[in-house]
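J.: just to be clear, the model below is a prediction. Sequence and coordinates:
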Amino acid sequence: MTGAVRHWANWINGSTALGLAVARLGSAQISPGPNHLYLAQHCRLHLPGASAFTIGDVLITATTFEQLSATLPKVVDHEARHSTQYAVLGVAFWPTYLAGLVISWLRTGERGAGHPLERWAGLADGGYRVPSQSRRT
């Protein structure tokens, strides 16, 4: 899916508008990012245990993506893949994501290692532990 198609799909399904509202609610500094994305930095709202999260085409962090990239060089790529997931799943993203958290926790004891959407987005790129190939996940 191209960035432009994803961008329009996320405007149509309302997820980007919601993402911008959440970023503004958190007093984030919003700027254009790569590939039709918005970078919302210094957001006062953040998820515990997550260095960044995405709603539609809005990538949100409590710090900056430059700072995150120092330790997670592909974090923007990881979050952009979540943006594509919003375009594909629309409003089904959240129940799918929550179900994935439960599945991952039950299978691996972690919120990311067995999560289908996090695996699709690239575990290592998002800072999640990558299960060893010998361990069944």
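T.: Arrived safely. If you're wondering where the values come from, they're calculated on a predicted model, not measured in any experiment.
J.: may I ask you to confirm that residue 52 is in contact with residue 59?
T.: Yes. When contacts are counted by CB atoms under 8 Å, residue 52 is listed as touching residue 59 (6.1 Å). For glycine as for every other residue, the C-beta is placed from the backbone atoms N, C-alpha and C.
J.: any shared contact partners between these two?
T.: 65, 79 (CB atoms under 8 Å, 6 or more residues apart in numbering).
J.: which residue ranges form the strands in this structure?
T.: 29-32, 38-41, 52-55, 58-61 (DSSP state E).
J.: most tightly packed of the ones you listed?
T.: strand 58-61 (a mean of 27; mean count of other CB atoms under 10 Å).
J.: ok, and what's touching it?
T.: Under CB under 8 Å, 6+ apart, the answer for strand 58-61 is 16, 19-20, 22-23, 26, 28, 30, 33, 37-43, 45-46, 51-54, 65, 68, 76, 79-80, 83.
J.: from those residues, keep the buried residues only.
T.: 16, 19-20, 22-23, 28, 30, 33, 37-41, 43, 46, 51-54, 65, 68, 76, 79-80, 83 (16 or more other CB atoms under 10 Å).
J.: would you turn the strands of the chain into CSV with mean pLDDT and distance to residue 10?
T.: Listed next are those as CSV, based on pLDDT from 0 to 100; distance: least, CB to CB, whole Å:
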stretch, mean pLDDT, distance to residue 10
strand 29-32, 98, 15
strand 38-41, 98, 10
strand 52-55, 95, 9
strand 58-61, 97, 9
